[in-house]
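>>> sequence and predicted structure, then a few things I'm wondering about:
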Amino acid sequence: KKGEDGSSKNTITIQDICSGHGLTGLLFIACNPPGRLSETCMRALLVDQFEPKSHAILRDYISEICPWVAESVSFESSPLESYASRVSDEQSRADDSGSMDIQQATIIISTHACGSLTDKVLEYAMSAEAASVAVMPCCYTGTDNGVPYGVRRMLGVGLSADVQRSFYLQDHDYLVDFAAIPRAITPMNRIVVAE
């Protein structure tokens, strides 16, 4: 992307997958105004099966305080599988034509993608070769398949599933850590972070 002076700018794209009304992606952009990162442009793409009415209301309220949000955030209504397939096709065409923009970085985030949907977000992030990934899973039923019984018994289903996810990310050459937001915000507050 060209800056106002004609110079090249790096682009960081936050893809908020299974975004719901998109608060997390909107906040990433609101907290990173233009010029905060020199030579870098930040934008967010929110992806979910449909765009809820609450998204436009939320975007408009945040844009009143942070006007750059309105032009830096877009919403794509698409199931994850369809979106991932289209992105993969676009990457293949760009690779084949040699037109891949090396000045772009993609960060994949997802807040409370239910159950195994978190695993699908991680699979998509790996196929998209995301620079970084952060997911806050929820609804852990059935997500600990393959974890030994003793590990599940000692750590619980949720932590067992997230430990398994951390090994998956590590196997794809990511450095993995856990973080958390306050439980007062949500009891499903663990964040799996990979870069």
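It's in. Numbering: from 1, shown residues only.

>>> list the buried residues for the helix or strand hosting Ser85?
Applying DSSP states H and E as the criterion places Ser85 in helix 80-97. Neighbour-count burial for helix 80-97, with 16 or more other Cβ atoms under 10 Å as criterion, is recorded at Leu80, Tyr83, Ala84, Val87. The C-beta positions use only the backbone N, C-alpha and C, and glycine is treated the same way.

>>> show me what the closest residue to the second one other than its chain neighbours bridges to in the sheet.
Yep, that's Tyr83 we're talking about. What sits nearest to Tyr83 in space, not counting adjacent residues and going by Cβ to Cβ, 6 or more residues apart in numbering, is Val47, at 5.3 Å. Beta-bridge partners for Val47, by DSSP bridges, are Ile17, Glu76.

>>> next, count neighbours for Ser77.
When counting by other Cβ atoms under 10 Å, one arrives at 12 neighbours for Ser77.

>>> got it, and Arg153?
For Arg153, the neighbour count with other Cβ under 10 Å is 10.

>>> again with Asp162
The number of residues packed near Asp162 is 22, by other Cβ under 10 Å.

>>> same thing with the one 4 residues further on?
Neighbouring residues of Ser166 were enumerated by other Cβ under 10 Å; the total is 17.

>>> likewise for Leu46?
The number of residues packed near Leu46 is 26, by other Cβ under 10 Å.
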